[in-house]
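>>> what follows is a predicted structure for the sequence shown.
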Amino acid sequence: MLFRAKIRMILIYSLIIRAVAVPVNCPTECRCEVESKTVVCSGSLLLTIPDTIPPDFDVLIIRNASIRSIPKHAFRRMERLRELYIENCDHLAFLEKFAFKGLKKLRLISITNCPRLNEIPKSAFSGIGNDFGVKIHFHKTPVQRVHGGAFRHAHNIRELSISGTDLALSRHAFAAITQAIHRKSTVSSCDLEFVIYCNQVLDEELDFLTVSGVTVVEPQLFTNSTRFHIVHFKEMNCEIPPRAFEDLAHVHQVLIQRSHISTIATDAFSGMSTVETVELYDNRIETIAARAFASIVNLGRIRIARNTIQTLQTVESLLSQAIQTRVEENTLECGCDLQWMTAHEV
C-alpha cells in the first residue's frame, strides 16, 4: 500500500510539474503559460520585442515594457501568432514600416494605453498578409495623426478602431485597404481547424471602421478602398472638406455621430458610390453647404436626424440622388440666412 501511495504521489507531482513547467526556450523577461499558449513579456528590463516565441504558443502579451519602437519585421519568426497585445508601454513612440508584415494567422492586434505613441506612420500595417480576418484596435492611446498609406495593402482587416486625441487624418489615411476574395478551400489547402472558416469567407469586407477624436480631415481618405460594411466617425471636431470620402465604394453605412462639425463642404461626399445609407445623427453642425451630398452615386438613403444645425446654405444643401431622404427631429437656428426656406417645402 505504501508503495502504491508513493507511486500515486510521484504521478501527481509529475503532472503538476508538467502543468507549470516553463519551456526551455521561453524568451528572457517573459513567462510562458502552457495551458493558454500565451507568452507574457513584461517589466522595465524588457527593451526589445523578443525574437521568437515557442512554436506551440500563439498569443503574445507585451506589458509594462521599456520598448521604444516596434521595428520592421519584428514578428517575422512568429508565424503561428494569432493575438498580439501591447499594453501600458510608456516609452513606445514609433511603429516602423512593415512592423507586422508576414503574420498570416493573426486575428487581433490590440494597442492599449501607450501614451507616447502619437502617430501611425506610412506602411506601419502594410503587408500583414493574413489569411483570415484581423482586428486592429487602438485604445486609450493618444494617436494624433494617421499618415497616408498607414494600412496600405493590409489584407483582410475585419475591424479597425482608432480612439485618438486631436487626431488628424492625412490624405490616403485609409487608402488601399484590400479585402481578398477567397475561393472555397479543401482540407489540403487549409489548416484543419480553419476549413469551415475558409469555405465561408467569400467576398470578405471590412466590417467596422470606427474612428473618434478627429480634428483634421484631409481630402481623399479612402483612395482605392472598397467593401466596407460600416464606416463610423464619432466625437469629431472639424470640418468635412470636399472629396473627403472620394473613392469609397460598396459601403453599407457611413455614420457621423456625436460630433461638432464646422462645415460640411460642397462635394464633401463626392466620389462615393454604391452606398446603402449615409447618416448624420446627434451632431452640432454649423453649416451644410450647397450640394454637400449631391454627387454620391447609387445611394440608397440619407438620414439627417437629431442634429443642431446653424445654417443650411440653400435648398441644395439637402440635394442628393438618394432613393430616400429623411430629415427629422433636427433643431435649426433661425436667422436671415434661412429666408430661402419660406419659398420651398423642406
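Yep, it's here.
>>> which residues pair with residue 249 across the strands?
Counting by DSSP bridges, residue 249 forms beta bridges with residue 226, residue 273.
>>> could you pull out the helices for the stretch 51-200 of the chain?
195-200 (DSSP state H, counting those that start in this stretch).
>>> residue 165 is in contact with residue 212, correct?
No - contact status for residue 212 versus residue 165: not in contact, 9.5 Å apart, counting by Cβ atoms under 8 Å. Where C-beta positions appear, they are placed from N, C-alpha and C, glycine not excepted.
>>> who's more crowded, these two?
Shown here are residue 212 and residue 165; by other Cβ atoms under 10 Å, residue 212 has more neighbours (18 against 14).
>>> buried residues in the helix or strand where the more buried one lies, which are they?
Under the criterion DSSP states H and E, the helix or strand holding residue 212 is strand 206-217. Across strand 206-217, burial judged by 16 or more other Cβ atoms under 10 Å covers 206, 209-217.
>>> might you report the residue contacts of the closest residue to residue 246 other than its chain neighbours?
Nearest non-adjacent residue to residue 246, counting by Cβ to Cβ, 6 or more residues apart in numbering: residue 271, 3.1 Å away. If you count contacts by Cβ atoms under 8 Å, 6 or more residues apart in numbering, residue 271 has them with 243, 245-248, 295.
>>> which of those are buried?
Buried members of these, counted by 16+ other Cβ under 10 Å: 243, 245-248, 295.
>>> could you dump stretch 61-80 to PDB, C-alpha only?
Listed in PDB are the C-alpha atoms of stretch 61-80, where the atom choice follows Å, rounded to 0.1, in the frame of the first residue of the first chain:
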ATOM      1  CA  ILE A  61       1.300  40.000 -24.500                       C
ATOM      2  CA  ILE A  62       3.900  42.800 -24.100                       C
ATOM      3  CA  ARG A  63       3.100  44.800 -21.000                       C
ATOM      4  CA  ASN A  64       4.800  47.500 -18.900                       C
ATOM      5  CA  ALA A  65       7.900  47.200 -21.000                       C
ATOM      6  CA  SER A  66      10.600  49.800 -21.900                       C
ATOM      7  CA  ILE A  67      10.500  49.200 -25.700                       C
ATOM      8  CA  ARG A  68      10.700  52.400 -27.700                       C
ATOM      9  CA  SER A  69       9.700  51.200 -31.100                       C
ATOM     10  CA  ILE A  70       8.400  48.200 -33.000                       C
ATOM     11  CA  PRO A  71      10.900  47.600 -35.700                       C
ATOM     12  CA  LYS A  72      10.400  46.400 -39.300                       C
ATOM     13  CA  HIS A  73       9.500  42.700 -39.500                       C
ATOM     14  CA  ALA A  74       9.500  42.500 -35.700                       C
ATOM     15  CA  PHE A  75       7.400  39.300 -35.600                       C
ATOM     16  CA  ARG A  76       8.800  37.500 -38.700                       C
ATOM     17  CA  ARG A  77       9.700  34.400 -36.700                       C
ATOM     18  CA  MET A  78       6.300  34.100 -35.000                       C
ATOM     19  CA  GLU A  79       4.300  32.600 -37.900                       C
ATOM     20  CA  ARG A  80       1.700  31.000 -35.600                       C
END
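>>> and the strands in the stretch 151-300 of the chain?
157-169, 206-217, 226-234, 237-240, 249-257, 260-264, 273-281, 284-288, 297-305 (DSSP state E, counting those that start in this stretch).
>>> pull out the buried positions in the shortest one.
Of the residues in strand 237-240, 238-240 count as buried by neighbour count, 16+ other Cβ under 10 Å.
>>> got any ranges where the stretch 151-300 of the chain has weak pLDDT?
178-205 (pLDDT under 70).
>>> how near is residue 327 to residue 317?
10 Å (Cβ to Cβ, to the nearest Å).
>>> do the same with residue 170
Taken as Cβ to Cβ, the span from residue 170 to residue 317 is 28 Å.
>>> can you check the distance spanned by stretch 274-287, start to finish?
26 Å (Cα to Cα, to the nearest Å).
>>> what's in contact with it?
With Cβ under 8 Å, 6+ apart, stretch 274-287 has contacts from 248-264, 269, 272, 293, 296-311, 313, 322.
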